[in-house]
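In: Show me how the following folds:
(one chain, ligands or ions: 2)
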Amino acid sequence: MDTIVVDSLTREFDGTRAVDQISFTVEAGEIFGFLGPNGAGKSTTIRMLTGQLRPTSGSAQVAGCDIVSQRDQMKPQIGVVFDCQNIYERMTARDNLRFAARLYRVNGQRVDEALELVGLTDSAKKRTKTFSNGMRQRLVIARALLHQPKVLFLDEPTRGLDPHIARDIRSLIVQLAEQGMTIFLTTHYMEEADQLCRRVAFLDRGRIVALDTPAGHKAAHQSTYGGEAPTLEDLFVKLTGSYLRGGERM
Ligand SMILES: Nc1ncnc2c1ncn2[C@@H]1O[C@H](COP(=O)(O)OP(=O)(O)OP(=O)(O)O)[C@@H](O)[C@H]1O
Ligand SMILES: [Mg+2]
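Out: Ligands and ions are numbered 1, 2, ... in the order given. Predicted coordinates:
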């Protein structure tokens, strides 16, 4: 069953296409990687799929709901984590979540469950201004999980985190997918995508230029790498961003 269905989704800003007729599907319980250079259109896609930004054209369904006409039904079924989300510095971790739970009318019991899930139980009573970046990110993820969404959108969830914390967050992502959650992930860490994602799409200037399993991507290009399988990073560099280096779009 497909949890995300995207059909010719397009978004223009001032006549320029940031997202250009992309189409793909994501299965329930799949970790789907959405990779591309800075400015490729990843966050814009997430903002459309989470009902924060209207598409210029095209359509999409998330958890069975049209992202435009059924936005209000869709919202309770999705969670989203952006890199720069606010937390209240003067509040404790638990109070931050209690506040969010009241706002979203979620059962308060979920607060401690969510803290436990992200490993913040021991820090629940600490003010978040004392938190490291890794703890903040875990708290933001906990907040996105309060209402037990079916689909979780993660926009660069491990950006700027040390390898210990990044690994913890990756384990959490795998754990959530194993419980049946569908995960839409953007990252600039190719090894992370290789390790976590069942399938990976490469986005270049708003267009999907390749979509396959990591192994499928590598196999498709093996012959051009002297028979040795390239890494996802090799393929990222090959398939995307030629315009950044002064070349033509493929
Ligand atoms: N609100 C906006 N107004 C005008 N242009 C925008 C707006 N939001 C995004 N863009 C443009 O759309 C393009 C895609 O941006 P987007 O943020 O989706 O890229 P991204 O793939 O998430 O990049 P990054 O890896 O840097 O996060 C960029 O050219 C950006 O400047
Ligand atoms: Mg972005």
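In: Now do the contacts for Pro157.
Out: Counting by Cβ atoms under 8 Å, 6 or more residues apart in numbering, Pro157 makes contact with 81, 137, 141, 169, 173, 185, 187. In short, each C-beta sits where N, CA and C put it, glycine included.
In: Residues of the chain that sit close to ligand 2?
Out: Within the chain, the positions near ligand 2 by Cβ under 5 Å from the ion are 42-43.
In: Which pLDDT value belongs to the residue located most distally from the centre of the chain?
Out: Centroid-distance maximum for the chain: Gly226 at 33.5 Å, with Cα atoms, centre = their mean. Listed pLDDT for Gly226 reads 85.
In: do the same with His164
Out: His164 carries a pLDDT value of 88.
In: What is the burial count for it?
Out: As a burial measure, His164 scores 9 neighbours (other Cβ atoms under 10 Å).
In: With adjacent residues omitted, what lies nearest to it?
Out: Excluding the flanking residues, the one nearest His164 by Cβ to Cβ, 6 or more residues apart in numbering is Gly134, at 7.7 Å.
In: sorry, back to before: taking the contacts of Pro157 one by one, which sit in helices?
Out: Of the contacts of Pro157, the ones assigned to helices by DSSP state H are 137, 141, 169, 173.
In: Nearest to ligand 2, out of the contacts of Pro157: which one, please.
Out: Top of the list for closeness to ligand 2, among those and by Cβ to the ion, is Thr187 at 10.4 Å.
In: ok, the closest one - how many residues close by?
Out: Thr187 has 23 neighbouring residues, counting by other Cβ under 10 Å.
In: Same check on Ala219?
Out: Counted with other Cβ under 10 Å, residues neighbouring Ala219 total 13.
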